[in-house]
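K.L.:
Next comes the sequence, and after it the predicted model I'd like to discuss.
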Amino acid sequence: MGDSTHMPAGRRRTTMTGAEATAEAMRQIHPDVVAAYPITPQTDIVMRFARFVSDGVVQTEFVPVESEHSAISAVLGASAAGARAMTATSGPGFALMHEILYVVAGYRLPVVMPVANRALSGPINIHGDHSDTMGSRDAGWIQIFSENAQEAYDNLIQAVRIAEHPSVRLPVMVTQDGFIITHGMEIVETLADEEVRQFVGTYEPERSLLDVDHPMTVGALALQNSYFELKRQLAEAMAASRRIIADVGEAFGRLSGRYYGLTESYRMEDAELAILALGSTAGTAKVVVDELRARGQKVGLVKVRVFRPFPAAHLRDLLRHVRALAVLDRSDGYAGMGGPVFAEVKAALYGLPQGPVITNYVYGLGGRDITPEMIESVYADLGELARRASKEPERVVAEAALTPHYLGVREPDGALISALGALQLNGER
Amino acid sequence: MPTLKQLARRPNPLTGGHSACAGCGFPQAIRLVLMSIEEPVVVAGATGCMEVTTTTYPNTAWNVPFIHNAFENAAATISGVEAAYKALVRRGKINKPIRFVAFGGDGGTYDIGLQALSGAAERGHRFLYVCYDNQAYMNTGIQRSGATPFGASTTTTPAGEVVPGKQQRRKDMAAIMAAHNIPYVAQTTIAHWQDLTRKVQRAMQVDGPAYLNVLAPCRLGWGTDPAMTIHLCELAADTCAWPLFEVDHGKWKVTYTPKTKLPIEEYLKPQERFRHVFQDSTGGLLAAIQKDVDEQWQALLARAGQT
Ligand SMILES: Cc1ncc(C[n+]2csc(CCOP(=O)(O)OP(=O)(O)O)c2C)c(N)n1
Ligand code: SF4
């Protein structure tokens, strides 16, 4: 690969963390308003951005609010007032925004928000899993998952253009795995400031609260006679966004050489056994796929990049000829039958005349590592599952679909871990 | 300072097309506040009676830009609007002066919205926050709030055989806001229109956050005759149950002193929510309310150095 001397002017290739790459993308996007509240592991993003503000590198109005609830509320107000507005958050902060996430989407405001995925309490845990954003998957936001720092950067820039597209006008969150991506150093290639500026264009809202000569009411009380239609329109915009997301991914590819779609398939052409994953785990799985392919195994990987809207049709095409599929979930749904991604994949593949046996692995909660060995063991399990399914399809398919596996769980250390997450002192009391 | 006639000639910011009860206090609060402001305004409102009665889709009673976000975040929302204004002025996209006002009920202000309001005040956004205080959560059916006065019967503090209405004093919200050291804080009622108008104009002059607490009776929650609304506000001020004052850059000043301070029963008697007070044969409850009002009035005078 070339070094910076072979790159178009203004582009850079440097080592960065995901947080740093995200702050850099924000600097280049140059939003009008950013409101944010600190929470690990997101803090690093806004701290860096606040420095850009303090040093006069950007002219953004930075609102250091007193909570995430107010961050998203202020960003909603700013966006309705015609500003390009952003915030960023993680885990419990994201959960505190939950109520207002629906309002932002319901008002069709093109807010863009990086999220450093983090586990939810209790017990408290600051590390990466997907419980936070999965908990708001039905809020009406487009959700884009990033595999690494490069994608966190690329996705954020695309998000602005997707959100503001006239036939979308929906908020977009761009996630990256907490710590694994936010704090991991990688090589990232950034675009020139001018390239980003041109790619995102300027935000020209159709209407603005600040247009005092044409007053409008935003956020009226919508009752039985209108609420349903407004939500139905939101659903239509969400469905229509699939095409826009793909177009923007294509346009971004022409600019940067890095093309993006709703999903990414890795060595899936003739794959018989496949894993489906989101976020950084997809990167780990690619390494395992290469190793197993080298040993002649027909394995592949499907990465879901866009989780909302869900790429159901793509998955039906991609997975039709697979014999066994493992869906990896970095959060649990506590349904007693696996995590949220698993449920959606099953729904997407429902009714295929021919399709894979599907099973689920919940893994990595609270930042627990997932290793290449673990992923290799999943492919081994899939081989076995496919064999059994060819003999007793109905029983094996049902069993696989209803019994999640917990990957990488260690048995609790006796009395140290209680149901309350409380430490029990040894000794008499 | 405009005369009432001049005020009445200004374009009406809130049309008659809302669905608030006859005799409701807050529509007057909104009109008086907004008509006192010379510049164009953008308004944010919290969930509550005001919002549901003025913005039923596809209609709106607002003739000025209005945004409703949720119950607890009117102050945070207007922070964002004001921040957008600053950013767009800086980028040369807007050049006219615009003022920012947020309205919330007492529940959305004293209780669930206190954090957002405190944060916005501390950050120093230039906006006026107006609490139209009807002393309970009216929109959800007259539940007690941090603004409900001692002894009032509400649906969550019903006057019963054992507990005679709300057992705590109301929060001193204006003092809480004054403790933020913002440039201007005041309290008034919809009956004292000159006092209100002057206070709003003062709030528009200061460079930073301002807070206005406006008594705006709810005829339903208070159990009063709709024709009494304005008179009740006068009684509230004349009994000193609701003093009128301001805190201008830290300096406290009582802006209305009744010529004769009326006994509290004159204010309580017309209100259903205090009926049990007059059925209490010992008279202890009424005496306790009177004592509480007197103590707070004296404390206010002392704070203002007007004893
Ligand atoms: C988070 C949240 N909690 C509760 C409610 C329900 N709620 C809506 S309006 C309201 C009461 C509003 O009372 P207040 O602020 O005093 O205004 P009023 O109705 O008296 O004008 C409540 C409790 C809500 N909308 N959102
Ligand atoms: S219930 Fe009370 S506050 Fe609500 S509209 Fe009626 S009078 Fe006004």
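P.N.:
Received it, and whenever you're ready, just let me know what you need. Ligands and ions are numbered 1, 2, ... in the order given.

K.L.:
Please, where are all the strands along the stretch 51-200 of chain A?
P.N.:
A:61-63, A:85-86, A:89-90, A:112-117, A:142-145, A:172-177, A:186-190 (DSSP state E, counting those that start in this stretch).

K.L.:
err, the stretch 1-150 of chain B, not the other one
P.N.:
Under DSSP E, counting those that start in this stretch, the stretch 1-150 of chain B gives strands at B:41-45, B:66-68, B:99-105, B:128-133.

K.L.:
among those strands, which is nearest residue B:148?
P.N.:
strand B:128-133 (10.0 Å; CB to CB). C-beta: built from backbone N, CA, C; applies to glycine.

K.L.:
Mind listing residues that contact that closest one?
P.N.:
B:25-26, B:29-30, B:33, B:50, B:74-75, B:78, B:99-106, B:109-110, B:117, B:120-121, B:147, B:173, B:200, B:203-204, B:209-216 (CB atoms under 8 Å, 6 or more residues apart in numbering or on different chains).

K.L.:
So which elements touch the helix or strand just after it?
P.N.:
Using DSSP states H and E, the helix or strand that follows strand B:128-133 in sequence is helix B:173-178. Packing contacts for helix B:173-178, counted by 3 or more CB pairs under 8 Å, 6 or more residues apart in numbering or on different chains; DSSP states H and E, involve helix B:114-123, strand B:184-189, strand B:210-215, strand B:244-248.

K.L.:
pull the longest helix from chain A.
P.N.:
Taking DSSP state H as the criterion, chain A has its longest helix at helix A:227-256.

K.L.:
Which parts of that helix count as buried, going by neighbours?
P.N.:
A:234, A:237-238, A:241-242, A:244-246, A:248-249, A:252, A:255-256 (16 or more other CB atoms under 10 Å in any protein chain shown).

K.L.:
Just name the closest of those residues to residue A:352, please.
P.N.:
Using CB to CB, the buried residues of helix A:227-256 come closest to residue A:352 at residue A:242, 19.6 Å.

K.L.:
How many residues are close by whatever residue of chain A ends up closest to ligand 1?
P.N.:
With CB to the nearest ligand atom, the shortest gap between chain A and ligand 1 falls at residue A:99, namely 6.3 Å. Here the number of neighbours of residue A:99 (other CB atoms under 10 Å in any protein chain shown) works out to 18.

K.L.:
That one and residue B:69 touch, don't they?
P.N.:
No - in this structure, residue A:99 is not within contact of residue B:69 by CB atoms under 8 Å, at 9.7 Å.

K.L.:
Tell me the confidence at residue B:17?
P.N.:
Looking at residue B:17, its pLDDT is 87.

K.L.:
nearest spatial neighbour of it, skipping sequence neighbours?
P.N.:
Nearest residue to residue B:17 in three dimensions, chain neighbours excluded: residue B:61, at 4.8 Å (CB to CB, 6 or more residues apart in numbering or on different chains).

K.L.:
Tell me the spacing between the one you found and ligand 2.
P.N.:
Counting by CB to the nearest ligand atom, to the nearest Å, the gap from residue B:61 to ligand 2 is 12 Å.

K.L.:
since we're on that residue, how many residues are nearby?
P.N.:
22.

K.L.:
Contact partners for it?
P.N.:
Residue B:61 touches B:14, B:15, B:16, B:17, B:18, B:53, B:54, B:55, counting by CB under 8 Å, 6+ apart.

K.L.:
One more: residue B:208?
P.N.:
B:124, B:125, B:126, B:182, B:183, B:184.

K.L.:
rerun that using 10 Å as the cut-off
P.N.:
Taking CB atoms under 10 Å, 6 or more residues apart in numbering or on different chains, we find residue B:208 in contact with B:121, B:123, B:124, B:125, B:126, B:127, B:181, B:182, B:183, B:184, B:249.

K.L.:
Residue A:386: what secondary structure?
P.N.:
Using DSSP: H, G, I helix; E, B strand; the rest coil, the three-state assignment for residue A:386 comes out as helix.

K.L.:
so it makes contact with residue A:358?
P.N.:
No - Residue A:386 lies out of contact with residue A:358 (CB atoms under 10 Å); the separation is 11.4 Å.

K.L.:
what's the closest of the buried residues of helix A:227-256 to chain B?
P.N.:
residue A:234 (14.8 Å; CB to the nearest CB).

K.L.:
Next one: residue A:83 from ligand 2, what distance?
P.N.:
For residue A:83, the distance to ligand 2 - CB to the nearest ligand atom - is 33 Å.

K.L.:
Spit out the contact partners of residue 220.
P.N.:
Looking at chain A here, since you left the chain open. A:226, A:230, B:51-52, B:54-60, B:62, B:66-68.

K.L.:
Sorry, I should have been clearer: chain B.
P.N.:
B:20, B:21, B:23, B:24, B:49, B:134, B:136, B:138, B:141, B:142, B:226, B:272.

K.L.:
Now tabulate the contacts of residue B:208 in TSV and tack on pLDDT.
P.N.:
Formatted as TSV, the contacts of residue B:208 follow (pLDDT from 0 to 100):
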residue	pLDDT
B:121	98
B:123	98
B:124	98
B:125	98
B:126	98
B:127	98
B:181	98
B:182	98
B:183	98
B:184	98
B:249	98
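
K.L.:
would you turn these into a markdown table with distance to chain A and neighbour count?
P.N.:
Output for the contacts of residue B:208, formatted as a markdown table (distance: CB to the nearest CB, whole Å; neighbours: other CB atoms under 10 Å in any protein chain shown):
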| residue | distance to chain A | neighbour count |
| --- | --- | --- |
| B:121 | 10 | 24 |
| B:123 | 7 | 20 |
| B:124 | 11 | 14 |
| B:125 | 8 | 25 |
| B:126 | 13 | 16 |
| B:127 | 11 | 25 |
| B:181 | 16 | 14 |
| B:182 | 15 | 21 |
| B:183 | 19 | 19 |
| B:184 | 21 | 23 |
| B:249 | 23 | 11 |
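
K.L.:
picking that back up, and of the strands of the stretch 1-150 of chain B, who's closest to ligand 1?
P.N.:
strand B:99-105 (2.1 Å).

K.L.:
Which is the succeeding secondary structure element to that closest one?
P.N.:
helix B:106.

K.L.:
In ChimeraX, how would I select the buried members of the contacts of residue B:61?
P.N.:
Only the buried entries of those go into this ChimeraX selection, using 16+ other CB under 10 Å:
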select /B:14,18,53,54,55
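
K.L.:
could the contacts of residue B:61 be laid out in TSV, adding distance to ligand 1?
P.N.:
Below are the contacts of residue B:61 laid out as TSV (distance: CB to the nearest ligand atom, whole Å):
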residue	distance to ligand 1
B:14	14
B:15	19
B:16	19
B:17	18
B:18	12
B:53	9
B:54	11
B:55	13
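
K.L.:
from the contacts of residue B:61, which two are the most distant?
P.N.:
Once CB to CB is applied, these give B:16 and B:55 as the farthest pair, at 14.6 Å.

K.L.:
Can you name the residues that contact residue B:164?
P.N.:
B:150-153, B:157-158, B:276-277, B:279-280, B:284-285, B:288.

K.L.:
got a list of what residue A:96 touches?
P.N.:
So residue A:96 contacts A:37, A:39, A:67, A:68, A:69, A:70, A:71, A:72, A:89 (CB under 10 Å, 6+ apart).
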